[in-house]
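Asker: dropping a prediction and its sequence here:
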Amino acid sequence: MTALRGLAWLLVFQSMGELLSRGFSLPFPGPVIGMVLLLMGLHSELVRGPVSVCADFLLSHLSLLFVPVGVGVMTHLSLVSQYGARILLAVVVSTLAGLFVTVLTLHLLRDRGDAAPGETPDA
Amino acid sequence: MPPPGKRRMPKFVELWVYLSATPLFGLTATLVVYVLAQAVYARLGQAPWANPVLWTVVCLAGALLATGVPYPTYFAGAQFIHFLLGPAVVALAWPLWLRREELRRRWGRLLLAALAGGIAAGGSALLMGWALGLPSEVTLSLVPKSVTAPVAMGIAEKIGGIPALAAVFAVITGLVGALSGKYLFDALRIPRDGSGWAARGFALGTVSHGLGAARALQVNADAGAYAGLALGLQVVLASALIPLAFRWL
């Protein structure tokens, strides 16, 4: 029941987000606005308890939710056969570039005190 | 009277035609194949190449193509799983809330890393697409690929890409990051300690959204939390900044 109440809260916040997004033609998608609204809503215990249960469940199976869209690759087979190798190259290079920049930015800006005692920086 | 074998065959075909046309089929196939892929992944010690999403997508797409079941028929059932992406994006507020103290303390650094990583990933995709001579709608669908699929679709639509293609690119990007992150981070000698896990997780969430976060979560709880945080930040930053950047260009 708690999980169900959590799902109800998530849907309520998503709906509020959709309404704001469409109503004011904001650049953010409805669920993103819903997320920001929920972040404020979590100050209330009424929301926090149920949402924590449901969010933990949903987020622990997050990767499953991408399967239906992923299977959609079969509808673009002609595009894939024509440009597949080049698309894959662009995706792989840009993904590695993004990971490289992000991880190095954080690593170089880290608190020196963050590392566990006795750990050398290049361990 | 026809032999029994001959009568059974058409009946099986009829049943298959009936079953494959109901929404039950798409939903059942997605869940069953995913659960099996997850079990194999666990048996193989969660090796990155055994990624359950990758193999579920390959098996399902292969099976649909082999049996001639069209994608919309499959999606009629799979949409119930797809629908949960919306509430899941809303639910990302939860890991953000749990880390709000850290977020408050380190927001400058994290915001800088999220911006730098997002620009590096999206910008290099744009440059690569252009340099490799991809059609412009394909290149534009590549730009938001570091954002979680449902949001990437919306952004692609706003800047002149193809939403369905953007979603597929987002999933491929998620997989590439989840598969390669560990090796890249090890090569860069990012440590496996508190701040190292945070940096690894944050990078995976920034570039490879939900699939990177799922991978990070399996490896280390801190990495997972930072990945969730990064993915939430990337959603907000990208959906505000990418359409804005393309309005100026």
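Answerer: Good, I have the coordinates. Residues are numbered from 1 along each chain as shown, chains lettered A, B, ... in the order given.
Asker: what ranges in chain A fall below the confidence cut-off?
Answerer: A:112-123 (pLDDT under 70).
Asker: would you map the helices across it?
Answerer: Along chain A, counting by DSSP state H, helices occupy A:2-23, A:30-41, A:45-60, A:67-71, A:77-108.
Asker: any part of the shortest one near chain B?
Answerer: Yes - contact of helix A:67-71 with chain B is found when judged by Cβ under 8 Å from any Cβ of the partner chain, involving A:67, A:68, A:69, A:70, A:71. Placement of C-beta: from N, CA and C, glycine included.
Asker: how far does whichever strand or helix holds residue B:176 sit from its chain's centre?
Answerer: Residue B:176 is part of helix B:163-187 when elements are defined by DSSP states H and E. Relative to its chain's centre, helix B:163-187 lies at 8 Å (Cα atoms, centre = their mean, to the nearest Å).
Asker: show me what it is packed against.
Answerer: Applying 3 or more Cβ pairs under 8 Å, 6 or more residues apart in numbering or on different chains; DSSP states H and E, one finds that helix B:163-187 makes contact with helix A:67-71, helix A:77-108, helix B:52-67, helix B:136-142, helix B:149-159, helix B:194-219.
Asker: contacting residues around residue B:197?
Answerer: Contact partners of residue B:197, counting by Cβ atoms under 8 Å, 6 or more residues apart in numbering or on different chains, are B:220, B:222, B:223, B:226.
Asker: please parse chain A into its domains.
Answerer: Domain assignment of chain A by automatic domain parsing yields the ranges A:2-60, A:68-114.
Asker: kindly reformat those domains as TSV containing mean neighbour count.
Answerer: TSV is the format used below for these (neighbours: other Cβ atoms under 10 Å in any protein chain shown):
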stretch	mean neighbour count
domain A:2-60	18
domain A:68-114	19
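Asker: re earlier: next, the angle from the helix holding residue B:176 to helix B:149-159.
Answerer: Interaxial angle, helix B:163-187 versus helix B:149-159 (axes from the mean of the first three to the mean of the last three Cα atoms, to 10 degrees): 120 degrees.
Asker: in helix B:163-187, what's buried?
Answerer: B:163-181, B:184-185 (16 or more other Cβ atoms under 10 Å in any protein chain shown).
Asker: check stretch B:124-133 too.
Answerer: Those would be B:124, B:125, B:126, B:128, B:129, B:132, for stretch B:124-133 by 16+ other Cβ under 10 Å.
Asker: what's the closest of those residues to residue B:91?
Answerer: Residue B:91 has its nearest neighbour among these in residue B:125, at 27.4 Å by Cβ to Cβ.
Asker: hang on, that closest one packs against residue A:89?
Answerer: No - Residue B:125 lies out of contact with residue A:89 (Cβ atoms under 8 Å); the separation is 10.8 Å.
Asker: tell me who's in contact with the residue nearest in space to the middle of chain B.
Answerer: The C-alpha lying nearest the average C-alpha coordinate of chain B belongs to residue B:171 (Cα atoms, centre = their mean; 3.5 Å). Taking Cβ under 8 Å, 6+ apart, we find residue B:171 in contact with A:66, A:69, A:70, A:73, B:53, B:57, B:149, B:211.
Asker: can you pull the contacts of the nearest residue to it once chain neighbours are set aside?
Answerer: Excluding its sequence neighbours, the residue lying closest to residue B:171 (Cβ to Cβ, 6 or more residues apart in numbering or on different chains) is residue A:70, at 4.3 Å. The contact partners of residue A:70, taken as Cβ under 8 Å, 6+ apart, are B:53, B:56, B:57, B:61, B:168, B:171.
Asker: least confident of the contacts of residue B:197?
Answerer: Minimum pLDDT for these is recorded at residue B:222 (84).
Asker: tell me how many other residues surround that one.
Answerer: The number of residues packed near residue B:222 is 19, by other Cβ atoms under 10 Å in any protein chain shown.
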